[in-house]
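[1] kindly return the folded structure for what I paste below:
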Amino acid sequence: MASLTDHLADLVADVDATLLFSPTSSFHERFADDGVEVVVVAPDNDVDAETFVELPLPFDNVKDRIRFGIEGAMDEGLLAEGDEVACVASVFDGGSDAVIRVTVDEGIHTGIYDLFTNSRAEPSVIRDVFEVAIELGQKGQKGKPVGALFVVGDAGKVMNKSRPLSYNPFEKSHVHVGDPIVNVMLKEFSRLDGAFVVSDSGKIVSAYRYLEPAAEGVDIPKGLGARHMSGAAITRDTNSTSIVLSESDGLVRAFKAGELVLEIDPEEY
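    This is a model prediction of the structure:
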């Protein structure tokens, strides 16, 4: 019968790379002469690693943290499909306490790493807006499917390229996405037409905005309507990110620079 030591040896045998998630300096130094490429995945490169992937969010869920780190390493050209990776992470407080072997698959590459790290808005703001859109997709509005459009970042230019459809309930407020009460308000207002405009820092600038960007040359997948077209086009004309919940198919999509970069099924999230 194989011993625990044998199992652990098999777990790390012949890996192409090791991903260390937020290691201490002393722990990182132990891998210096390992003979395998070591990639540090952390909020900051405090250990002066030669190969480093930024982790802009804490990701309490270990699976999400690892998927994000692998996708970042793929974007940086450090990993490719088919690579075997040993991921060393912390499940409980107190340092690195888990080793997880992952086979890199193109399905891991969703576009979410680029969305978080290269957007003008703060990563936590992108996350909070996504969570609102995903929850709307899961629950709908009073049990019925609902569509919604959030334009995040570069709010000044977005406001200049849009016009109000109705009174702006956020005009004199200083509320931010991520606040549970504000999220309830966003879900309630999603019943009405128009886009939500959110600043880089997460302030709700406006609701009920009719976007007026030039749509010529913007190519979106067939079957998507005016909400997706305007959401895509505004990101080409401004440095914003659009997060769109489709009323028809229930999917959440993100657009940057006029292109679809991410598609998520809320029911599988």
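[2] what's the helix or strand for the nearest residue to residue 183 once chain neighbours are set aside?
    The shortest distance from residue 183 to any non-neighbouring residue, by C-beta to C-beta, 6 or more residues apart in numbering, is to residue 132 (5.3 Å). For glycine as for every other residue, the C-beta is placed from the backbone atoms N, C-alpha and C. Taking DSSP states H and E as the definition, one finds residue 132 inside helix 123-139.
[3] give me the contact list for that helix.
    56-57, 115-117, 119, 146, 148, 150, 152-153, 177-178, 183, 186-187, 190, 198, 200-202, 241, 243-245, 250-252, 254, 264, 266-267, 269 (C-beta atoms under 8 Å, 6 or more residues apart in numbering).
[4] same thing but 7 Å
    56-57, 115-116, 119, 146, 148, 150, 152, 177-178, 183, 186-187, 190, 198, 201-202, 241, 243, 245, 250, 252, 264, 266-267, 269 (C-beta atoms under 7 Å, 6 or more residues apart in numbering).
[5] just stretch 225-241 next, same as before
    115, 119-121, 126, 147, 149, 151-154, 157-158, 161, 211, 213-215, 218, 220, 242, 244, 253-258.
[6] if we can go back for a sec, any idea of the angle the helix or strand that the helix holding residue 132 is followed by forms with helix 123-139?
    Remark: after helix 123-139, the chain's next helix or strand is strand 148-152, criterion DSSP H and E. In terms of direction (axes from the mean of the first three to the mean of the last three C-alpha atoms, to 10 degrees), strand 148-152 departs from helix 123-139 by 180 degrees.
[7] how is the protein divided into domains?
    Domain ranges of the chain: 2-114, 119-268, per automatic domain parsing.
[8] re the thing from before, so how far is the helix holding residue 132 off the chain centroid?
    10 Å (C-alpha atoms, centre = their mean, to the nearest Å).
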